[in-house]
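*Asks:* Have a look at this prediction, sequence included:
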Amino acid sequence: MGDLGRLQVGIIGASGYGGVQLVRLLKDHPQIEVVYLGGESSAGKRFSDIYPHLAHCIDLKIEAIDLDIIAERCQVVFLSLPNGLACEMAPKLLEKGCKVLDLSADYRFSNLETYSSWYGVERSDEQVATTAVYGLPELYRDRIANAQLVGCPGCYPTASLLALSPLLKQGLIQPESAIIDAKSGTSGGGRQAKTNLLLAEADNSLAAYGVAHHRHTPEIEQICSELAGHEVMIQFTPHLIPMVRGILATVYATLRDPGLVRDDLITIYQAFYRSSPWVKILPSGTYPQTKWAAGTNLCYIGIEVDPRTDRVIVMSAIDNLMKGQAGQAIQCLNLMMGWEETLGLPQLAFYP
Ligand SMILES: NC(=O)C1=CN([C@@H]2O[C@H](COP(=O)(O)OP(=O)(O)OC[C@H]3O[C@@H](n4cnc5c(N)ncnc54)[C@H](OP(=O)(O)O)[C@@H]3O)[C@@H](O)[C@H]2O)C=CC1
Ligand SMILES: CC(=O)N[C@@H](CCC(=O)OP(=O)(O)O)C(=O)O
């Protein structure tokens, strides 16, 4: 029998990296009780069969998906699944009164044709999709607070958009000049076995992938276009780096006013993120390291200007499984429930 004073929450996709991160974080959340874990190949196992060191956190059995049962037991459901599955499950959960937070790409797009052409999934849930809110609290706090369905951003878009938003919103750059060079640790690819994520393949090596066609490009462009007030195309190149967690996005763009200096921009960023507890603007001449964000929901931003080229260079570091995924989803839920945005989320990195 659950603790009825707390919000009853379910996680579908509990065995994956997003799922286990949610379990770990929600264990310390004072208002939440996890009452349901769901999965496919892991169904029938106990969570501690997969993660024995977390037996003291939760000892539920992972169940096969039955949406009626999930909706009976849960007020809120996190969907941490491969793309193309949430759109099959969310409509029924919403109809039965659950709030839904989707960690996949299914509910990130305002234009479903764009989603279908990049993700290869046809959709029949247009009406539900129009109710979804893009779960980047630093831009859409009020919309998230009133949402029943949140499409949580991708990890690269989170790091990139937090770096670009003040510049676009205030018309400080030529939008089409923006170039995002981003690096991710291997956990960004999920827990499924993939050859390129094997230690023997990824270790001692650094390489770009998805060049000129990564599926996070249209997601980044959608929000950049909204901020700029017109359609914008952005150059985005991701790289896989030999570490487990973290993303560093380095963004380059041409300033409209070449008279702007680094400290002007730092002041502008500080003002833009004044009410955003999870974004930290670094002091002049300081650049972020991914390890500072590891295990936290923080995004660290460093800013530089090159007066020779009139370009601004913004560096943004997050933990892809936290601010880039599970942490941000909980930040969104906090807003949806009217709780403090910081509730239950760690602020101190794993490292010194
Ligand atoms: N990893 C990252 O850094 C980020 C990931 N994302 C997105 O979050 C989502 C989850 O990612 P991640 O945790 O890395 O993925 P994982 O591959 O680690 O986990 C996927 C989960 O989905 C479950 N699953 C797969 N198919 C089904 C099904 N048909 N029915 C029920 N459960 C199913 C698996 O369960 P089982 O083991 O039981 O089969 C597993 O628990 C993805 O959409 C990803 O793109 C977003 C931001 C960052
Ligand atoms: C290192 C690595 O493989 N990263 C993943 C990013 C995962 C993610 O956030 O993708 P979704 O948009 O599907 O949620 C990738 O590039 O596909």
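*Replies:* Perfect, thanks for sending it. Keep in mind the model is a prediction, meaning the values are calculated, not measured. Ligands and ions are numbered 1, 2, ... in the order given.
*Asks:* make it CA atoms for all contacts and neighbour counts henceforth
*Replies:* Will do.
*Asks:* What residues does the stretch 201-350 of the chain have near ligand 2?
*Replies:* 216, 240 (C-alpha under 6 Å from any ligand atom).
*Asks:* Please enumerate the helices of the stretch 201-350 of the chain.
*Replies:* 216-228, 262-272, 290-293, 326-336 (DSSP state H, counting those that start in this stretch).
*Asks:* what's the most buried one of those helices?
*Replies:* helix 326-336 (a mean of 25; mean count of other C-alpha atoms under 10 Å).
*Asks:* Show residues contacting that one.
*Replies:* 18-19, 21-22, 25, 101, 103, 135-137, 141, 144-148, 150, 152, 296-297, 321-322, 340-343, 345 (C-alpha atoms under 8 Å, 6 or more residues apart in numbering).
*Asks:* From those, which land in strands?
*Replies:* 101, 150 (DSSP state E).
*Asks:* And the strands in the stretch 1-150 of the chain, which stretches?
*Replies:* Counting by DSSP state E, counting those that start in this stretch, the stretch 1-150 of the chain has strands at residues 7-12, 32-38, 62-63, 76-79, 99-102, 133-134, 149-151.
*Asks:* Filter the contacts of helix 326-336 to keep only those in contact with ligand 1.
*Replies:* Among the contacts of helix 326-336, ligand 1 is touched by 18-19, 103, 321 when using C-alpha under 6 Å from any ligand atom.
*Asks:* domains in the protein, as residue ranges please.
*Replies:* For the chain, automatic domain parsing gives the domain ranges 7-152+325-336, 155-318.
*Asks:* As JSON lines, these with distance to A349 and mean pLDDT would be great.
*Replies:* Converted to JSON lines, those look like this (distance: least, C-alpha to C-alpha, whole Å; pLDDT from 0 to 100):
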{"stretch": "domain 7-152+325-336", "distance to A349": "13", "mean pLDDT": "98"}
{"stretch": "domain 155-318", "distance to A349": "5", "mean pLDDT": "98"}
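*Asks:* Put together JSON lines for those, with distance to Y351 on each row.
*Replies:* Shown next, in JSON lines, are those (distance: least, C-alpha to C-alpha, whole Å):
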{"stretch": "domain 7-152+325-336", "distance to Y351": "18"}
{"stretch": "domain 155-318", "distance to Y351": "7"}
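*Asks:* Tell me which of the strands of the stretch 1-150 of the chain sits nearest to L282.
*Replies:* L282 sits nearest to strand 133-134 of all these, at 26.2 Å, using C-alpha to C-alpha.
*Asks:* picking up where we left off before, could you tell me which of the contacts of helix 326-336 count as buried?
*Replies:* 18-19, 21-22, 25, 101, 103, 135-137, 141, 144-145, 147-148, 150, 152, 296-297, 321-322, 341-343, 345 (16 or more other C-alpha atoms under 10 Å).
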